[in-house]
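> Just need the structure, nothing else, for what follows:
(one chain, ligands or ions: 2)
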Amino acid sequence: MIPLSIKDLEFKRELAWYSMQDEQKAAASDFSVGYIDFLNKAKTERECVKELTAEAVKNGYVNFNDVISGKIKFEPGLKVYWINREKALMLAVLGSKSPVCGLNMVGAHVDAPRLDFRPNPLYEDHDMALVKTHYYGGIKKYQWVNVPLALHGVVCKKDGTKVIINIGEDANDPVFIINDLLPHLAYEQIEKKASDVITAEGMNLLIGSIPFASDDKEESKGVKANVLNLLNQKYGITERDFNFAEIEIVPALPARYIGLDKGMIGGYAQDDKVCAYTAFKAIIDMDKIPEKTCACYFSDREEVGSMGNTGARANWLENFFYELCNAYALANNDKIDAGVAARRSMASTAFLSADVTAAFDPNFSEVSEPMNTAYCGMGIAFEKYTGHRGKSGASEASCEFFTSIATVLDKAGIPWQLTEMGKIDKGGGGTIAQYMTDLGMDVIDCGTPVLGMHSPYEVTSMVDVYWTYKAYSEFFNKY
Ligand code: MN
Ligand code: MN
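Ligands and ions are numbered 1, 2, ... in the order given. Take a look at the predicted model:
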């Protein structure tokens, strides 16, 4: 046995910048340009699915429904997309082996914390038009006041047509705001607990201030009437339509670089658009026919527990496996029952649960255990398990599976780090991982560390974004 030096025995992590070649630094910088553009174009789950599908179609992806119906034959190298109700998406590159051998899959979520219009939202109070909101996901409510906000969503009208709402992103658009109390009159407010400073019922969005002008004495006047009139002129909608609408209120802040060195990226909804974008680029950039089918799963409703027919707990995912195995069997005169094949396929699938994790923050160092936390700039972060209080409510990746993934990354020189979500008993978190393990898959969480997660303006390191992309790419090509 060759004696090892102490250096070879120890395991240390450092900033990825130190070991990166100039061309890697340039590649990371180039990658960030496309990422920032994506953050600005795709703030909601629907926009994300739309953007990614359009880009996939440009890259030769065909509708999986045409494979299911037999119009397009299942063959190795075929690239497919499958949309679930405009809010979840599957992309796959079919492999040369049967899907029964399992897939290499990366799953990210495309929803993000936000505020929604309530079903009956619009009212006026002392000549101001306001909208009642309901927050979605785990937010610190006080962070969402006095921030410029935009409206994104869809409204289905009585005549059966659907309109897309988007106000506040164009430089000429107005924005919206929820007002906080001025410090001069906040002597009582400032003494409250942070959770009570801004209440859910107090999060009412300012949407208008000019009254409706009409010569008709019978006609309703006031600022609310004027807002309804403006919305009707622009979109043809009426107050009734709010009952069914999905209008999301998101920060109207464009993503941009942070710091004099431009080493970080600030923007809304990087949880989990960063993993969605990097996973997407990884599958789009595949240039060889893989042995195992490779797939990207973009799910909705992760921020509220993945429930619902577009969430990761929905049978839609199992249906995908079933249809995939069925299409393969039909194309290859394989007699295996598609249900049995789908179960075997899921049980042999390797799944990277691509979600962000908390980055160490020097302003709040007390919540992190420095030896078991992720740092900005040290590469993609693995979380063997998530959960709360004694690993509760989460799955845990096996030693064998984790090391098999890490070894692939090591061979490619991709920097990675490991983390736990904060000190034990300080809090916790979860992802879609456990719903994939329920199906028998091998799963590990891995994604980009984020500062200020769930705030209106989250921060990532440019190199972590790049190495996350490279890690998913290596997983598809080499695992
Ligand atoms: Mn997330
Ligand atoms: Mn989240």
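
> element containing Phe31?
helix 22-41 (DSSP states H and E).

> Quick check, pLDDT for the closest residue to ligand 1 within the stretch 101-250 of the chain.
The minimum distance from the stretch 101-250 of the chain to ligand 1, using Cβ to the ion, falls at His109 (5.7 Å). All C-beta atoms are positioned from the backbone trio N, CA, C, and that covers glycine. Looking at His109, its pLDDT stands at 98.

> if we can go back for a sec, list the helices and strands the helix holding Phe31 packs on?
helix 45-58, strand 256-258, strand 264-267, helix 270-284, helix 462-478 (3 or more Cβ pairs under 8 Å, 6 or more residues apart in numbering; DSSP states H and E).

> Quick one: closest of these to ligand 1.
The nearest among those, by Cβ to the ion, is helix 270-284 at 4.0 Å.

> Is ligand 1 within reach of the closest one?
Yes: Helix 270-284 reaches ligand 1 (Cβ under 5 Å from the ion) through 271-272.

> Likewise for stretch 301-318?
No: using Cβ under 5 Å from the ion, we find that stretch 301-318 stays clear of ligand 1, coming within 5.6 Å at best.

> Was I right to think Glu45 contacts Val110?
Yes: using Cβ atoms under 8 Å, Glu45 is in contact with Val110, at 4.5 Å.

> Report the set of residues contacting both of the two.
87-88, 300 (Cβ atoms under 8 Å, 6 or more residues apart in numbering).

> Tally up the residues packed near Asn172, please.
Neighbour count for Asn172, taken as other Cβ atoms under 10 Å: 4.

> quick one: Met462 from Arg301, how far?
29 Å (Cβ to Cβ, to the nearest Å).

> and Ala200, what is it in contact with?
By Cβ under 8 Å, 6+ apart, the contact list for Ala200 reads 134-135, 141.

> try it again with 7 Å
Contacts for Ala200 (Cβ atoms under 7 Å, 6 or more residues apart in numbering) come out as 135, 141.

> From Ala312, how far out is the residue positioned nearest the centre of the chain?
Nearest to the mean C-alpha position of the chain, by Cα atoms, centre = their mean, lies Asp272 at 2.8 Å. To Ala312, Asp272 is 11 Å away according to Cβ to Cβ.

> With neighbour count, pLDDT and distance to ligand 1 as extra columns, can I get the shared contacts of Glu45 and Val110 in JSON lines?
Output for the shared contacts of Glu45 and Val110, formatted as JSON lines (neighbours: other Cβ atoms under 10 Å; pLDDT from 0 to 100; distance: Cβ to the ion, whole Å):
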{"residue": "Lys87", "neighbour count": "22", "pLDDT": "98", "distance to ligand 1": "16"}
{"residue": "Ala88", "neighbour count": "27", "pLDDT": "98", "distance to ligand 1": "15"}
{"residue": "Asp300", "neighbour count": "27", "pLDDT": "98", "distance to ligand 1": "12"}
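
> Count residues in the vicinity of whichever residue of the stretch 351-479 of the chain sits closest to ligand 1, would you?
Closest contact between the stretch 351-479 of the chain and ligand 1, by Cβ to the ion, is at Asp355 (4.2 Å). The number of residues packed near Asp355 is 26, by other Cβ under 10 Å.

> All set now, cheers.
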